[in-house]
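Q: my questions concern the predicted model and sequence given below.
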Amino acid sequence: PCDAILTCWAKVPAAVIAAAPRCRIVSRLGIGLDNIDVDYCTAHGIVVTNVPDYCLIEVAEHTLALLLALGRKVAFYHGETKSGRYDLAAGPKLRRIEGQTLGLVGCGAIARYHLDAIKGHVPRVRVTACVDNDADRAGQFATETGGTAFASLDAALDADAFDAIAILLPHDLHEVTTLQCLAAGKHVMLEKPMAPTLEGCDRILAAAKASGKVFMLAENAQYWPEIVAVRNLIADGTLGDIITARSWHCSPPMADFHHAGAWRMAVASAGGGVAMDAGSHWLRPLRMWLGEMTEVLAVTGRPFPEM
């Protein structure tokens, strides 16, 4: 007998709850309640809880870690060394991170988490430009950072207001904004997904290579400890031959991101639904474990009709 059930990903159906007649609370240690039989709990007076802000700060902190690794070209030289090459002159010129300035284009919900992480963990990062077509939002971020508010990216680029830019915009603006910043000689950190189409991704990668500037896609799942641990177990043969793998992502609509009128709710701006938005967090680990994809078979659905 138990008084409470704690779960993260495991399903907690009625049969499991009924097997614990003293249970008074079922709690998910994460976002969402979809793996818990809430109706059964409600009918039996059992409290159901979750952790609505699970991993939001961690995502922002991972992004900052990626920015620091980006500044020292860690990924490039790691790949070179693993390939048996050690040539300090092979990569782009290294520059001190100190003194470099950062611009934020898009001062919405995800930018808030990025800025809070910067202020709390790496206060030496100087945010000098806050770009948003909403003057109030840009002004609020500028007040917090001591930077300058801009109503357009064109104005910020004309003012040469930053060295590197974090692009925190709706998906349909990723490609055009990235190309504009690379052409202006800026280093770019682009939030995932890279672009809504493969052709757009190819154009971004080609422009980044030709620019000689640092380009990084902010996908942090590849650094999660559990993902790296599984990759290592596969690499050293502990898990044997991997025949199949499955990833499952679920969370309820989040008020900051999925309210009426939010850009994520429109195909034109989001480019797709859950798979386009959060799917990269699960596709990247599968690629790390199993290798690159060669074929895709998709079955679609709309469990959240408003999206």
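A: That came in fine, so what should we check first?
Q: leaving out the residues flanking it, which one is nearest to R137?
A: C107 (4.3 Å; CB to CB, 6 or more residues apart in numbering). In short, each C-beta sits where N, CA and C put it, glycine included.
Q: which parts of the stretch 1-150 of the chain are strands?
A: Under the criterion DSSP state E, counting those that start in this stretch, the stretch 1-150 of the chain carries strands at the ranges 4-7, 25-28, 47-49, 101-105, 126-131, 148-150.
Q: all strands for the stretch 201-307 of the chain, in order.
A: Assigned by DSSP E, counting those that start in this stretch, the stretch 201-307 of the chain shows strands spanning 215-218.
Q: and V47, what is it in contact with?
A: Residues near V47 by CB atoms under 8 Å, 6 or more residues apart in numbering: R24, I25, V26, C41.
Q: oh sorry, the question was meant for S152
A: Per CB under 8 Å, 6+ apart, neighbours of S152: V131, N133.
Q: now stretch 177-186: buried residues?
A: Of the residues in stretch 177-186, those buried by neighbour count under the rule 16 or more other CB atoms under 10 Å are T177, T178, L179, Q180, C181, L182, A184, K186.
Q: which of those fall within helices?
A: Secondary structure from DSSP state H places T177, T178, L179, Q180, C181, L182 of those in helices.
Q: ok, the buried residues of stretch 177-186 vs A129, which is closest?
A: Distance to A129, by CB to CB, is smallest for K186 among those, at 10.4 Å.
Q: and the gap between that closest one and A207?
A: Separation of K186 from A207 (CB to CB, to the nearest Å): 12 Å.
Q: next one: D160
A: In terms of CB to CB, D160 sits 20 Å off from A207.
Q: which of these two has more residues huddled nearby?
A: The residue with more neighbours, out of D160 and A207, is A207; 19 against 12, by other CB atoms under 10 Å.
Q: contact partners of stretch 287-294?
A: Stretch 287-294 is contacted from outside by Q222, I227, V230, R231, I234, I242, A245, using CB under 8 Å, 6+ apart.
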